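Asks: this is the structure alone, sequence omitted:
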């Protein structure tokens, strides 16, 4: 195994993280990355891992049980732990790590105390308007991901037709921009230089991006496994029409 014991995909919604997580999991060697600490709530975390909160003697014991379960889930049958960390849950996640590992001097030292030597991967989507539209459409229609053959992979609500909502697009545009800015501020404050991956690069060459990450992790994929593209793009004519309409309205500096 390579020098890294774990990696964290630092991202925001609709940046291609599901594609990247599934590609990494499909190698059979690079963990089972997912949002193992997604909802900022201890009760939610206990629910994820079927842990009885009232059975623990202390908050620290509870956190140890949660993190042990998450590490087992995110490692699977491999030797590397993979985690997708959305920025909206980051602050709560770090507060729990400060309880679990109070001695390290900074956030990243606490992360490595919990997970071992960690590679940070910053996955971003440069076109924030497209990202915001993707988020609004997913929320409205309930469909978050589909397979290349068109079958649904993740649906969070009953089907509903998308309806243009310029105010909602603008709100999401501002929030997604702020999430990226918050990641950048944290990297700077901690003196970190993450591996930077863009949505466009991942979409254009998923196999190449996967190989690049595995090389950094010093993990070789299982040569017996054929890795197919696991998810399809959801952008369509509606997405393009919404972007044109939003720009025509001159919202947020778009014209």
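Replies: Alright, I've got the coordinates. Predicted, not measured: the structure shown is a model, and the values here were computed from it. Residues are numbered from 1 along each chain as shown.
Asks: which residue ranges of this structure form helices?
Replies: Assigned by DSSP state H, the chain shows helices spanning 17-26, 42-49, 59-75, 90-100, 107-115, 128-141, 166-190, 199-204, 206-217, 237-248.
Asks: by how many degrees do the third one and helix 42-49 diverge?
Replies: Taking axes from the mean of the first three to the mean of the last three CA atoms, to 10 degrees, helix 59-75 and helix 42-49 form an angle of 40 degrees between their directions.
Asks: hmm, back to that, could I get the helices of the chain as JSON lines with distance to residue 230?
Replies: From N, CA and C alone the C-beta is placed, and that goes for glycine too. Formatted as JSON lines, those follow (distance: least, CB to CB, whole Å):
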{"stretch": "helix 17-26", "distance to residue 230": "4"}
{"stretch": "helix 42-49", "distance to residue 230": "22"}
{"stretch": "helix 59-75", "distance to residue 230": "18"}
{"stretch": "helix 90-100", "distance to residue 230": "25"}
{"stretch": "helix 107-115", "distance to residue 230": "25"}
{"stretch": "helix 128-141", "distance to residue 230": "17"}
{"stretch": "helix 166-190", "distance to residue 230": "23"}
{"stretch": "helix 199-204", "distance to residue 230": "12"}
{"stretch": "helix 206-217", "distance to residue 230": "9"}
{"stretch": "helix 237-248", "distance to residue 230": "21"}
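Asks: closest to residue 36 out of the ones you listed?
Replies: For the helices of the chain, proximity to residue 36 was assessed by CB to CB; helix 59-75 is nearest, at 4.2 Å.
Asks: how far out from the middle of the chain is that closest one?
Replies: Remark: helix 59-75 is offset 19 Å from the chain centroid, using CA atoms, centre = their mean, to the nearest Å.
Asks: against which helices or strands is that helix packed?
Replies: If you count contacts as 3 or more CB pairs under 8 Å, 6 or more residues apart in numbering; DSSP states H and E, helix 59-75 packs onto helix 42-49, strand 81-86, helix 90-100.
Asks: how about the first one: buried residues?
Replies: It stands for helix 42-49. 42, 45, 46, 48 (16 or more other CB atoms under 10 Å).
Asks: go through those residues and name the one nearest residue 200.
Replies: The closest of the buried residues of helix 42-49, once distances to residue 200 are taken by CB to CB, is residue 48, at 31.9 Å.
Asks: for the closest one, which non-adjacent residue is closest in space?
Replies: residue 36 (7.3 Å; CB to CB, 6 or more residues apart in numbering).
Asks: for the helix or strand bottoming out on mean pLDDT in the chain, what is the distance to the chain centroid?
Replies: Here the helix or strand of the chain ranked lowest by mean pLDDT, DSSP states H and E is strand 152-155, holding a mean of 77. Centroid separation for strand 152-155 versus its chain: 17 Å, with CA atoms, centre = their mean.
Asks: where does the stretch 101-250 of the chain have low pLDDT?
Replies: Residue ranges of the stretch 101-250 of the chain with pLDDT under 70: 223-224, 226.
Asks: report the contact partners of the closest residue to residue 15 other than its chain neighbours.
Replies: Using CB to CB, 6+ apart and skipping residues adjacent in sequence, the residue nearest residue 15 is residue 125, 4.5 Å away. With contact set as CB atoms under 8 Å, 6 or more residues apart in numbering, residue 125 has these partners: 12, 14, 15, 16, 131, 176, 198, 199, 200.
Asks: so which of those comes closest to residue 66?
Replies: residue 12 (23.5 Å).
Asks: the residue lying closest to residue 156 once chain neighbours are set aside and residue 220, how far apart?
Replies: With CB to CB, 6+ apart as the criterion, residue 156 has its nearest non-adjacent residue at 5.4 Å, and that residue is residue 142. Remark: distance between residue 142 and residue 220 (CB to CB, to the nearest Å) = 39 Å.
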